[in-house]
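S.K.: Predicted model and sequence follow; I will ask about them next.
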Amino acid sequence: MTDTATHTLGVKQHGQGHPDHLQEDVALLKSHKLKPHPTIPRATKPILICVLDGWGESEYHDKFNAIHAAETPAMDELRASAPGRWRLIKAHGTAVGLPSDADMGNSEVGHNALGAGQIVDQGAKCVDRSLETGEVWSGEGWRAIQDSARAGTLHLIGLLSDGGVHSRYDQLQLLMEGAVRQGVRRIRLHALSDGRDVGENTAVKWVTKAQGDIDRWNSEHGIDIRIASGGGRMHVTMDRYESDWAVVKAGYYAHVLGEAPNTYTSAIDAVTDLKRNNEVSDQWVDPWVVVDDGGKPVGAVQDGDAVVTFNFRADRMVEISKALEYEEFDHFDRKRWPKIKFAGIMQYDGELKLPSIYLVPPPLIERASEQYLVGSGVRIFACSESQKIGHVTFFWNGNRSGYLDKNLEEFVEIKSDQGISFDKKPEMKAAKIAERVKEAILSGKYDVIRCNFPNSDMVGHTGKLKATVISCAAADRGVKVLLDAVEEVGGSFLVTADHGNAEEMVKRNKDGSPKYTDGEPEVLTSHTLNPVPIAIGGPGLPKNIRFREDLPGAGLTNVTATYINMLGFEAPDFYEPSLITTDKP
Ligand SMILES: O=C(O)[C@H](O)COP(=O)(O)O
Ligand SMILES: [Mn+2]
Ligand SMILES: [Mn+2]
């Protein structure tokens, strides 16, 4: 396998696409033509859109700000050299469609916003509403699986934390309580530990909390709920973009077959033991299965059962959904594929219609920029490494995998390293991404070239400060290569980020000072609430273009109209306003 492979997330290649949906897109495309911009000429040279994943701006400039601590001459230069062409924008909370301003940004909402130009209610909000109104229990999805859930066992698979990026415990609670009210008598929870969107060592707390609630419900209602299996999310089940199917295999074996290298008679014992006094971060806990006194798994999935995946976020649920749903499947030997009714809490892929059964309709992200650009004949190239390729394709295009128009789009995936925590190789594939994107810029074959450097995010999530500093410098070197290429061809660029991460590697007290416990800084592995930078420039950008000053609260959704304008088109009027103007200051 070469390092570079054309991205094959789209299932059109496997013949599972939904013809009606594709028809609909083709029809939409025709009507999606952009008008020329009244004052900005059509760009004749390529425009680079570069996303630094997890690169926020913190007011604290100390050693725990890995971006500040790193050598980042390219990003520093952008900030210093063109005052009207650098600013900060919001990347969290209601500005990007999250339930509240206490919600940190994340890649899904960030890239949805960057691609779609509109503030769309995100999955978390849709699930909240459906649980609150009770619609979840009257919809088609529940009706399709309810008989199996009542007659057999209802299995719930997902991330156990209150991170709010992929799932939330309060939603899981409402789901279990509601299922019991719906007459379900037997539930098995397959609980993945987090350590990435919440503190690194909270798994025992969450399993203990869930076990306490379960014990209470069991005794109040005389029912049979148990935690059956689990493991850390980076080892078990939650792979994304086919980076490493072994992760999904470990999950399928633990949750479905009841097989794991580690067995215990209680979930709390499992997590406590496998954490080895917090030597192991929650995200890397080995797979485990709960067994009865005779060594038999208490929650293997059987014919006739119902399974619900309760993560609302798509990327890390697509592969396990395929393993549960697709009859034809060759990513690993499933050994046994029980006949079950399977539903996602939501549909994870709008184009694959996967899962085909879902409890809550997903957020509708229509009229994403790609539809307009393709409709206007713009040639597009998108690239990242496996860990983030879907961010600049799938999320960017409103949670649709595959191409809208193969003649105009090319998506290239650089294979990520597998089976390692990225602090071990913090440079990741930044140099390879830069090389491949540079080639695209120089080729003259594309009008828009977008890419994502995952470093500051993926290494930031490990909580390892030194490695994160190295990762930020590597991403910055990648940016430099691309800016030089843009310069060479006379093009223009837009560099931004999807949310913060690496700029905050420690928890802080109210006064901003780092928090210490037993003399050790309290590591922060999650994203942040911070704004992110955006910079524009390049020889191809008309000299009179600069950022407007009347949009102080602008966020990621404003970026879409910005690059549409840079191309020389007027943005659709329902998009959030463009950040740029040609008016004199
Ligand atoms: O899935 C992950 O890795 C984290 O939960 C969120 O990171 P991302 O939103 O940057 O992908
Ligand atoms: Mn991200
Ligand atoms: Mn992240």
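M.R.: Good, I have the coordinates. Ligands and ions are numbered 1, 2, ... in the order given.
S.K.: Remind me which helix or strand the residue of the stretch 151-300 of the chain found nearest ligand 2 belongs to.
M.R.: Nearest to ligand 2, among the residues of the stretch 151-300 of the chain, is Val165, at 9.6 Å (C-beta to the ion). In short, each C-beta sits where N, CA and C put it, glycine included. Using DSSP states H and E, Val165 is not contained in any helix or strand.
S.K.: Start the count at 48 instead of 1 going forward.
M.R.: Sure, I'll start counting at 48 from here, so that last one is Val212.
S.K.: so it touches Gly157, yeah?
M.R.: No. Using C-beta atoms under 8 Å, Val212 is not in contact with Gly157; the gap is 10.9 Å.
S.K.: Now do the same contact list for the residue in the stretch 448-597 of the chain that ligand 1 sits nearest to.
M.R.: In the stretch 448-597 of the chain, the residue that lies nearest ligand 1 is Asp504 (4.5 Å; C-beta to the nearest ligand atom). The contact partners of Asp504, by C-beta atoms under 8 Å, 6 or more residues apart in numbering, come to 100-102, 154, 435, 545-546, 548-549, 574.
S.K.: just Gly186 next, same as before
M.R.: So Gly186 contacts 177, 406-408 (C-beta under 8 Å, 6+ apart).
S.K.: same check, this time on Lys386
M.R.: Contact analysis of Lys386 by C-beta under 8 Å, 6+ apart lists 350-351.
S.K.: again with Lys92
M.R.: Lys92 is in contact with 536-539, 586-587, counting by C-beta under 8 Å, 6+ apart.
S.K.: Confirm that it lies within a strand, as I assumed.
M.R.: No. Counting by DSSP: H, G, I helix; E, B strand; the rest coil, Lys92 is located in no strand; its state is coil.
S.K.: Give me the nearest residue to Val606, chain neighbours excluded.
M.R.: The shortest distance from Val606 to any non-neighbouring residue, by C-beta to C-beta, 6 or more residues apart in numbering, is to Leu161 (5.3 Å).
S.K.: I'd assumed Asn605 was in contact with that neighbour.
M.R.: No. With contact defined as C-beta under 8 Å, Leu161 does not reach Asn605; the gap is 9.8 Å.
S.K.: tell me which parts of the stretch 348-497 of the chain are close to ligand 1?
M.R.: Taking C-beta under 6 Å from any ligand atom as the contact definition, the stretch 348-497 of the chain meets ligand 1 at Arg363.
S.K.: all helices of the stretch 348-497 of the chain, in order?
M.R.: Using DSSP state H, counting those that start in this stretch, the helices of the stretch 348-497 of the chain run over residues 365-372, 416-422, 433-436, 477-490.
S.K.: any idea which of these is most buried?
M.R.: Most buried of the helices of the stretch 348-497 of the chain, by mean neighbour count (mean count of other C-beta atoms under 10 Å): helix 433-436, with a mean of 28.
S.K.: Off-centre distance for it?
M.R.: Taking C-alpha atoms, centre = their mean, to the nearest Å, the mean C-alpha location of helix 433-436 is offset from the chain mean by 10 Å.
S.K.: out of the contacts of Asp504, which touch ligand 2?
M.R.: Contacts with ligand 2 within those, counted by C-beta under 5 Å from the ion: 100, 154, 545.
S.K.: Between these, which sits nearest ligand 2?
M.R.: Looking across these and measuring by C-beta to the ion, the closest to ligand 2 is Ser154, at 3.1 Å.
S.K.: if I pick the closest one, what's in contact with it?
M.R.: 100, 362, 435, 438, 442, 504, 545-546.
S.K.: Just put those in CSV and tack on pLDDT.
M.R.: CSV is the format used below for these (pLDDT from 0 to 100):
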residue, pLDDT
Asp100, 98
Asp362, 97
Lys435, 98
His438, 98
Phe442, 95
Asp504, 98
Asp545, 98
His546, 98
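S.K.: would you list those residues in JSON lines and tack on distance to Ala149?
M.R.: Formatted as JSON lines, the contacts of Ser154 follow (distance: C-beta to C-beta, whole Å):
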{"residue": "Asp100", "distance to Ala149": "22"}
{"residue": "Asp362", "distance to Ala149": "23"}
{"residue": "Lys435", "distance to Ala149": "25"}
{"residue": "His438", "distance to Ala149": "23"}
{"residue": "Phe442", "distance to Ala149": "22"}
{"residue": "Asp504", "distance to Ala149": "20"}
{"residue": "Asp545", "distance to Ala149": "18"}
{"residue": "His546", "distance to Ala149": "14"}
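S.K.: now for the residues you listed, which pair is the farthest apart?
M.R.: For the contacts of Ser154, the maximum inter-member distance is 14.4 Å, found between Asp362 and His546 (C-beta to C-beta).
S.K.: the more surrounded of the two?
M.R.: His546 (29 against 25; other C-beta atoms under 10 Å).
S.K.: can you pull the contacts of the nearest residue to Ile488 once chain neighbours are set aside?
M.R.: Among residues not flanking Ile488 along the chain, Ala532 sits closest, at 4.2 Å (C-beta to C-beta, 6+ apart). Ala532 makes contact with 95, 484-485, 488-489, 538, according to C-beta under 8 Å, 6+ apart.
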